[in-house]
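Visitor: predicted model and sequence follow; I will ask about them next.
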Amino acid sequence: MDFSYEIYVVTDTHGNKTAGVVEEGCDCIQICGMKDAENNSVYFESDAHHLHTWCRDNGFTLNVIKKIERV
C-alpha cells in the first residue's frame, strides 16, 4: 500500500523556515511563526492550494516536496 503526502516548506523574508504537511485526501494546512517585511507576525490556515498565492503576496518562498511511502 502506498501513502502519499506533500511537505510545504515556507521561508520568510528574514530567513525563518517552517513547514506543514498535507496528507493524501486532505487539503487543509496551517502555517504560523512567519514574519512579513515589516517584521509583523503573519498566519495562514486554509486549503493548501491557496498557500502559493499567500506566499507570493507576502514575499515568502515556497517549496513543495511530494513524498510517497510504502507501508
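Guide: Received the coordinates, thanks.
Visitor: quick one, strands of the protein?
Guide: With DSSP state E as the criterion, the chain has strands at 2-11, 17-23, 28-35, 41-47, 61-70.
Visitor: can you add distance to Thr53, mean pLDDT and mean neighbour count and give those strands back as JSON lines?
Guide: All C-beta atoms are positioned from the backbone trio N, CA, C, and that covers glycine. Compiled in JSON lines, the strands of the chain are given as follows (distance: least, CB to CB, whole Å; pLDDT from 0 to 100; neighbours: other CB atoms under 10 Å):
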{"stretch": "strand 2-11", "distance to Thr53": "13", "mean pLDDT": "94", "mean neighbour count": "15"}
{"stretch": "strand 17-23", "distance to Thr53": "15", "mean pLDDT": "94", "mean neighbour count": "15"}
{"stretch": "strand 28-35", "distance to Thr53": "13", "mean pLDDT": "91", "mean neighbour count": "16"}
{"stretch": "strand 41-47", "distance to Thr53": "10", "mean pLDDT": "93", "mean neighbour count": "13"}
{"stretch": "strand 61-70", "distance to Thr53": "10", "mean pLDDT": "95", "mean neighbour count": "10"}
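Visitor: CSV for these, including distance to Trp54?
Guide: Formatted as CSV, the entries for the strands of the chain read as follows, by distance: least, CB to CB, whole Å:
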stretch, distance to Trp54
strand 2-11, 9
strand 17-23, 12
strand 28-35, 8
strand 41-47, 5
strand 61-70, 9
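Visitor: now do the closest residue to Leu62 other than its chain neighbours against Met1, distance only.
Guide: Leaving out its chain neighbours, the residue that sits closest to Leu62 by CB to CB, 6 or more residues apart in numbering is Cys55, at 4.2 Å. With distances taken as CB to CB, to the nearest Å, Cys55 is found 32 Å from Met1.
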